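>>> Model the structure of this input:
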Amino acid sequence: MTTAATHHAPAALDRLRGQLDKAGFGALLLTSPTGRRHALGPATDATAVLVTADGTVAGAAGHPGAAAAAALRAAGVTDGAVATEDELPCDLLGQHGPADVRLRPAPDLVFAELACCEPTEPPAFAAAAGLAAVGYTAVMDHLRIGMDVRELSGNVDRSVRRAGGLLGWYDPYGAGGAAGSDLVTVRGHDPSTARLTEASPVRYVLHPLLDGTAGYAAATAVLSKADGTLRTAGDVCAAATAALLAALRPGARLTDGYAAFARAAAGHAATCRLVGLRGGGASLPLRPDSALVAEPGMVLGVRTEVLAPGRGAVELAETVELTAGGAEPRAGTPLRLVELY
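Numbering: from 1, shown residues only. Prediction:
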């Protein structure tokens, strides 16, 4: 059964409503977990949320297509262009919604909303990133060969909660084969025993919440001296991540960071993502064809990975605030492979 509820848009969505009107959209349909939380708060169970340019927010639960149509009806939108995130196929709404509503992808508009902070928000992100650093210490102080990965997760939970952190957001990227808890996602353990091994790099992403604000960081450690293949991957990932951060300058396209990473990692199997962190989690990644320009006040999650053939991968991430001087890391986790032996 599909249910819908309508609210008046809070002041926090004024910027988004202005951007909608400027771009010629009557409304924005949000279907990602981060987008929905940003519009309705962390407790929402809505499947689709509609934000209109005239100040209405409608949320609906149920099947995605039916929920989207219900949100449109609740907000009184029967025709015109509606902006969408990338997750909802246009033909899905066509099965349920008004024929005169035209869905138009607007990923840059959504990404900018989830990355551009109000002046009061960067300190909250710095505090949440500091909480991720607490998690990093809880991992590194206890890593050992044969450790059960669930014990590692428990150490992070205890340390982060003791420091005031709450339940985290689920890390949506590369979750296959991962273990962990609300506050940390771990890869690199033996899947048959859940224990850490000497040879496999341990990769973990920290995602605590502090007063509804997301912390974001990732690190990779190996519990032995790294061999040539793994060390090369670590060096490449560190250098390419540094190049990406150096390219994130106000006035430059955010995708210049992608290009800088690709140049530095040329010849290696490598990936990077930029995500917005407003909404209590990570947004859909910035698209490679984005025209969005970096500006002071943006807070981004920067995520990089370089494969080490036969040895796994090196993965790094950081919470980054863009200032007039460039990209400023806030979590402070080492952006390099850490060798523990």
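>>> Contact partners for the nearest residue to residue 86 once chain neighbours are set aside?
Spatial nearest neighbour of residue 86, excluding adjacent residues (CB to CB, 6 or more residues apart in numbering): residue 107 at 5.3 Å. (Glycine included, C-beta is placed from N, CA and C.) Listed by CB atoms under 8 Å, 6 or more residues apart in numbering, the contact set of residue 107 reads 85, 86, 284, 287, 290.
>>> Please apply the same query to residue 295.
The contact partners of residue 295, taken as CB under 8 Å, 6+ apart, are 116, 250, 251, 322.
>>> For the residues you listed, work out which two are farthest apart.
The distance between the two most remote of the contacts of residue 295 (CB to CB) is 14.6 Å, for 116 and 251.
>>> neighbour count winner among these two?
Per other CB atoms under 10 Å, whichever of residue 116 and residue 251 has more neighbours is residue 116, with 20 against 8.
>>> from memory that one sits against residue 298, does it?
Yes - judged on CB atoms under 8 Å, residue 116 makes contact with residue 298 at a distance of 5.5 Å.
>>> My guess is residue 38 contacts residue 115. True?
No - judged on CB under 8 Å, residue 38 makes no contact with residue 115 at a distance of 11.1 Å.
>>> Which residues are in contact with each of those two?
Joint contacts of residue 38 and residue 115 (CB under 8 Å, 6+ apart) are residue 278.
>>> In this structure, which residue is most central in space?
In the chain, the residue lying closest to the centroid (CA atoms, centre = their mean) is residue 282, at 2.1 Å.
>>> Name the nearest residue to that one, sequence neighbours excluded.
Per CB to CB, 6+ apart, closest to residue 282 is residue 275, 4.2 Å.
>>> neighbouring contacts of whichever strand or helix holds that neighbour?
Residue 275 is part of strand 270-276 when elements are defined by DSSP states H and E. Around strand 270-276, the neighbours that count as contacts under CB under 8 Å, 6+ apart are 34, 111-115, 173, 216, 236-237, 240-241, 244, 254, 257-258, 261-262, 282-286, 298-307.
>>> So what are the sheet partners of whichever helix or strand comes after that strand and their directions?
Next helix or strand after strand 270-276 toward the C-terminus (DSSP H and E): strand 299-308. Strand 299-308 sits in its sheet next to strand 270-276 (antiparallel), strand 312-323 (antiparallel), going by DSSP bridges.
>>> closest one to residue 26 among those?
Of all those, strand 270-276 comes closest under CB to CB, at 23.1 Å.
>>> which residues touch residue 204?
Per CB under 8 Å, 6+ apart, neighbours of residue 204: 139, 152, 180, 184, 185, 186, 187, 188, 218, 219, 220.
>>> Mind checking which of those residues are in helices?
Residues of those located in helices (DSSP state H): 139, 152.
>>> among the contacts of residue 204, which two are most distant?
Most distant of the contacts of residue 204, by CB to CB, are 180 and 220, 14.9 Å apart.
>>> ok, back up a step: any quick ChimeraX command for the buried ones out of the contacts of residue 204?
In ChimeraX syntax, the buried subset of these is picked out as below (16 or more other CB atoms under 10 Å):
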select :139,152,180,184,185,186,187,188,218,219,220
